[in-house]
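Engineer: Sequence and computational prediction follow.
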Amino acid sequence: MLTQDLKRELLEIARSSIAAALQEGATRRGGALDLHPSQELLHPRGAFVTIRIDRELRGCIGYMESLLPLAEVVSEVAARAALDDPRFPALTPSELEQATLEISVLSPMRRIYNKAEVQVGTHGLMLELGFSKGVLLPQVATEYGWNAEEFLEAVCRKSGLHRLAWREPDAKISVFSAEVIDEEEVFRGHPA
């Protein structure tokens, strides 16, 4: 578990990286290293950064696993979520002022073999079948009120596959957990 100070530091890295990328007009790589992150943020971890405006998704990109330090991963994926998410146009500086950030720091993945192993609200899912791959973070199932089967069907659709593809013998399903860092919660009563 990350301390409140480390959560704040990661959020500051993410927001600074987005601001720099918007100013430079291109994804800024390695920006977190300029910030001299705390020692605890130098361990390799996968992470996603989600950007929302008025609670609506505006960008989300991440790495399931990484050999890079967590601070560097957050810096890179924050800028990419703002500029490179193909579902949305690039974020503008005025949108950044309105945006709320959420960082999901991921645990290592573990392969599972049946839906009874899926713990909704705790696990995120990754499905791989052939050349298709899809990921849903743990909080997605909770937000939509899905049970384990609905969650599995949703990750199939996210992968571009039919909803029951998870049942196919060659389907590889992995679970992971995430420590979710919500900017509104971390800075509630403590402005950045």
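Structural biologist: Thanks, I have it. Residues are numbered from 1 along each chain as shown.

Engineer: tell me the domain boundaries of the protein?
Structural biologist: Residue ranges for the domains of the chain, per automatic domain parsing: 4-106+178-186, 110-176.

Engineer: gap between the closest residue to Ala78 other than its chain neighbours and Cys156?
Structural biologist: Of all residues not flanking Ala78 in the chain, Ala14 sits nearest, at 3.8 Å (Cβ to Cβ, 6 or more residues apart in numbering). Quick note: C-beta positions are derived from backbone N, CA and C, even for glycine. Applying Cβ to Cβ, to the nearest Å, the value for Ala14 to Cys156 is 30 Å.

Engineer: In what element of secondary structure is the residue most central in space within the chain found?
Structural biologist: For the chain, Phe48 is the residue whose C-alpha lies nearest the centre (Cα atoms, centre = their mean; 2.1 Å). Using DSSP states H and E, Phe48 sits within strand 47-53.

Engineer: in that strand, what's buried?
Structural biologist: Neighbour-count burial for strand 47-53 flags Ala47, Phe48, Val49, Thr50, Ile51, Arg52 (criterion: 16 or more other Cβ atoms under 10 Å).

Engineer: contacting residues around Leu11?
Structural biologist: Leu101, Ile103, Ile181, Glu183, Val186, Phe187, Ala192 (Cβ atoms under 8 Å, 6 or more residues apart in numbering).

Engineer: quick one: which helix or strand includes it?
Structural biologist: helix 4-24.

Engineer: what about that helix, distance to the chain center?
Structural biologist: The chain centre lies 14 Å from the centre of helix 4-24; the measure is Cα atoms, centre = their mean, to the nearest Å.

Engineer: For stretch 2-9, C-alpha coordinates in PDB please.
Structural biologist: Provided in PDB are the C-alpha atoms of stretch 2-9 (Å, rounded to 0.1, in the frame of the first residue of the first chain):
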ATOM      1  CA  LEU A   2       1.200   3.500  -0.900                       C
ATOM      2  CA  THR A   3       1.100   6.200   1.700                       C
ATOM      3  CA  GLN A   4      -0.900   9.400   1.200                       C
ATOM      4  CA  ASP A   5       2.300  11.300   0.500                       C
ATOM      5  CA  LEU A   6       3.300   8.800  -2.200                       C
ATOM      6  CA  LYS A   7      -0.200   8.900  -3.700                       C
ATOM      7  CA  ARG A   8       0.100  12.700  -3.900                       C
ATOM      8  CA  GLU A   9       3.500  12.500  -5.400                       C
END
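
Engineer: got the buried residues for that stretch?
Structural biologist: For stretch 2-9, by 16+ other Cβ under 10 Å, it's Leu2, Leu6, Lys7, Arg8, Glu9.

Engineer: Stretch 145-160 too?
Structural biologist: So, applying 16+ other Cβ under 10 Å, buried residues of stretch 145-160: Trp146, Ala148, Phe151, Leu152, Glu153, Ala154, Val155, Cys156, Lys158, Ser159.
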